[in-house]
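**Q** Return a 3D structure for these sequence lines:
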Amino acid sequence: MIFKTNLCAAAALSALVLLPAAIYANESGCVSYYDASMDYFPDKVESKYASGFDITYKGNAKYIRNNISGETYVLYQCGTPAPADVTPTPASSLQVGNWTKLIAVPGTKIALDSAPASAAIELLGAQDSVAAAYKYFAVTSPCMQKKLDGLPRIQQNFGTPSNRRRRSSNSNNNNNGDSRLIRRVSYDTSTLGLQWTFTTYGMNDPYSIAINPEDAGDMLGKAEWIKFVAAFYNKEAEANTIFAGIESRYNALKASSASGTTKKSVGLARYNKVANGTVLGWSIDQVQPWLAQGLADAGLSAYNGDTTSFRSASDFYKAISGWDVLIDTSGEPLPHGGATIPMWSNLVSGYGFTSSGGRDFANSLPAVADSAIYRSDLISSYQNATDYNEHLQIQVDVLLGDFIKIASAPSGAKDTKWYRNLPQHVPVDWVSASSCK
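**A** A predicted model of the protein is given here:
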């Protein structure tokens, strides 16, 4: 009897040992215990800037709202029960947008179709979780290229399950009234046992996660998306450390940047060429709010008009005549589809600088006279991926450094990280998997 009592006491003591009174850091894997009163995520993140997402914590769950894609992600600690107050959108739903997705974390086996997510994963040291990628997905990071080279490629399913009719708001219970076909898109992840796909767009798919730093409201809001990605790995502590460094360096650069009353003006422009080489016209692109803010923080003044198209070269020249810096966004079309990166000779031709009127204009344009025409493709892969769409989306302190160099260079900056000076014939830094160290 005494023996049995001692065994029971030992078992109770063992249970107390197995069930911790508190968790002092986010778990890197699944747990084998559950206590409804416990905070499973002592390491937390918050959105301080205009990032485009919000996150709250409750017990064993994280509630994330992507305000850009219009999706809600409820993440719960692997090994604990899913929150009872959450009803995820069914996989078969025909609902358009506003999906609720329920996912166990941390991530250990995921697919990639997002360049910013790839950059964040590398910065967080979570590369081992990448187990597949979308068929046409490409990155610039040499080591991520090397990793993806040996991984399966997944497809997107269109209209799977088959397209169905969705009743409009004025239809009745007999399915009368207007209706339309909803085309569903999802990633084919089931055969590989993947947890989710990091992507760019909100999809009618319970296992796709949209990453949208390119739509953040300001520069540091872009960088905060590393916190978003970190939440899926329970790496909030690492994300806070990385972001604090970016924030500190950004603010230091901003404080030291040019603050004179005379600021260089910057605009985004492109020529619109088709595959046969014909230029159909020219466009001035609208500057996104985060980009305008970054340029201003560097002492530059961004063109603030709407996107405008021109069929007349003279009208286009007049519209950009006051620009000190021109950032080109053109694509050089390929004969059989797609586009490649333009070089200076392509821009000279595309903008019509070779014509007599074009030469006269080019000679009078400050951006040409000061060799201040740039593209954001200095670091590129042979698959036409650019690091501007990858690490730039998180490392905005380095981007601000580029802007400051552009603002202060008397005859075109050449020592930038992401912006390539075309009149100075700065070459593209082509990177491949062989560059991985």
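
**Q** Quick check: end-to-end length of stretch 351-370?
**A** Using Cα to Cα, to the nearest Å, one end of stretch 351-370 lies 17 Å from the other.

**Q** what does that stretch rub up against?
**A** Stretch 351-370 is contacted by residues 271, 279, 282, 313-314, 317, 320-326, 347-348, 372-373, 410-412, 423 when judged by Cβ atoms under 8 Å, 6 or more residues apart in numbering. Backbone N, C-alpha and C define where each C-beta goes, glycine included.

**Q** Buried members of the residues you listed into PyMOL, please.
**A** For the buried members of those, the matching PyMOL selection, counting by 16 or more other Cβ atoms under 10 Å, is:
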select buried, resi 271+282+313+317+320+323+324+325+326+347+348+372+373+412+423
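
**Q** out of the contacts of stretch 351-370, which are inside helices?
**A** Judged by DSSP state H, the contacts of stretch 351-370 include 313, 314, 317, 320, 347, 348 as members of helices.

**Q** Dump these into CSV; add pLDDT as well.
**A** Listed next are the ones in helices among the contacts of stretch 351-370 as CSV, based on pLDDT from 0 to 100:
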residue, pLDDT
313, 89
314, 88
317, 91
320, 93
347, 94
348, 93
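
**Q** So which bits of the helix or strand containing residue 244 are buried?
**A** Assigned by DSSP states H and E, residue 244 belongs to helix 236-256. By neighbour count on 16+ other Cβ under 10 Å, the buried set for helix 236-256 is 236, 238, 239, 240, 242, 243, 246, 247, 249, 250, 253, 254.

**Q** Equivalent analysis for stretch 36-50, please.
**A** Neighbour counts over stretch 36-50 (16+ other Cβ under 10 Å) mark 38, 40, 41, 43, 44, 45, 47, 49, 50 as buried.

**Q** Pull up the gap between the fifth one and residue 386, please.
**A** What it means is residue 44. 33 Å (Cβ to Cβ, to the nearest Å).

**Q** try the first one
**A** From residue 38 over to residue 386 the distance is 45 Å, taken as Cβ to Cβ.

**Q** ok, which stretches of the stretch 51-200 of the chain are strands?
**A** Counting by DSSP state E, counting those that start in this stretch, the stretch 51-200 of the chain has strands at residues 53-58, 61-66, 71-77, 100-105, 110-112, 130-134, 153-154, 156-158, 164-167, 179-182, 185-187, 197-199.

**Q** okay, and for the stretch 251-400 of the chain, where does confidence drop off?
**A** For the stretch 251-400 of the chain, residues meeting the criterion pLDDT under 70 lie at 258-262, 336-337.

**Q** now do 90
**A** Within the stretch 251-400 of the chain, the segments meeting pLDDT under 90 span 257-263, 275-277, 304-307, 313-314, 322, 332-340, 353-365, 368-369, 382-384.

**Q** centroid residue for this protein?
**A** Closest residue to the average C-alpha location of the chain: residue 116 at 3.6 Å, with Cα atoms, centre = their mean.

**Q** Show the contacting residues for the closest residue to that residue other than its chain neighbours.
**A** Among residues not flanking residue 116 along the chain, residue 393 sits closest, at 4.0 Å (Cβ to Cβ, 6 or more residues apart in numbering). Taking Cβ under 8 Å, 6+ apart, we find residue 393 in contact with 115, 116, 119, 213, 214, 222, 225.

**Q** mind checking how far the residue nearest to the fifth one when sequence neighbours are not counted is from residue 33?
**A** For residue 214, ignoring the flanking residues on the chain, the nearest one in space by Cβ to Cβ, 6+ apart is residue 393 at 6.1 Å. The span separating residue 393 from residue 33 equals 38 Å under the rule Cβ to Cβ.

**Q** How about residue 280?
**A** Taking Cβ to Cβ as the measure, residue 280 falls 65 Å from residue 33.

**Q** try residue 389
**A** Going from residue 389 to residue 33 by Cβ to Cβ gives 42 Å.

**Q** Which of those two has more residues huddled nearby?
**A** Per other Cβ atoms under 10 Å, whichever of residue 389 and residue 33 has more neighbours is residue 389, with 20 against 12.

**Q** wait, what's in contact with that one?
**A** 115, 116, 214.

**Q** Now name the helix or strand holding residue 406.
**A** Counting by DSSP H and E, residue 406 is part of helix 396-408.

**Q** Tell me the helices and strands packed up against that helix.
**A** Counting contacts by 3 or more Cβ pairs under 8 Å, 6 or more residues apart in numbering; DSSP states H and E, helix 396-408 packs against helix 219-223, helix 236-256, strand 264-273, helix 289-297, strand 300-302.

**Q** quick one, that helix and strand 264-273 angle?
**A** 100 degrees (axes from the mean of the first three to the mean of the last three Cα atoms, to 10 degrees).

**Q** so what's residue 272 bridging to?
**A** Counting by DSSP bridges, residue 272 is bridged to residue 281.

**Q** Please tell me I have it right and residue 114 contacts residue 213.
**A** No - if you go by Cβ atoms under 8 Å, residue 114 and residue 213 don't touch, sitting 9.6 Å apart.

**Q** Show me which residues of stretch 302-310 are buried.
**A** For stretch 302-310, the neighbour count (16+ other Cβ under 10 Å) marks 302, 303, 310 as buried.

**Q** Please apply the same query to stretch 69-87.
**A** Quick answer for stretch 69-87 (16+ other Cβ under 10 Å): 69, 71, 72, 73, 74, 75, 76, 77, 78, 80, 83.

**Q** In PDB, list the C-alpha atoms belonging to it.
**A** Output of stretch 69-87 as PDB, limited to C-alpha atoms (Å, rounded to 0.1, in the frame of the first residue of the first chain):
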ATOM      1  CA  SER A  69      -5.000  41.200 -48.800                       C
ATOM      2  CA  GLY A  70      -8.100  41.200 -46.600                       C
ATOM      3  CA  GLU A  71      -7.300  37.900 -44.900                       C
ATOM      4  CA  THR A  72      -7.200  36.800 -41.300                       C
ATOM      5  CA  TYR A  73      -4.700  34.200 -40.100                       C
ATOM      6  CA  VAL A  74      -5.200  32.500 -36.800                       C
ATOM      7  CA  LEU A  75      -2.000  30.700 -35.700                       C
ATOM      8  CA  TYR A  76      -2.000  28.300 -32.800                       C
ATOM      9  CA  GLN A  77       0.900  26.500 -31.100                       C
ATOM     10  CA  CYS A  78       1.500  23.100 -32.500                       C
ATOM     11  CA  GLY A  79       0.500  20.400 -29.900                       C
ATOM     12  CA  THR A  80      -2.300  22.500 -28.400                       C
ATOM     13  CA  PRO A  81      -5.900  22.600 -29.500                       C
ATOM     14  CA  ALA A  82      -7.100  25.000 -32.100                       C
ATOM     15  CA  PRO A  83      -9.000  28.000 -30.700                       C
ATOM     16  CA  ALA A  84     -12.600  27.100 -30.200                       C
ATOM     17  CA  ASP A  85     -13.800  30.700 -31.100                       C
ATOM     18  CA  VAL A  86     -12.500  30.500 -34.700                       C
ATOM     19  CA  THR A  87     -14.300  29.200 -37.700                       C
END
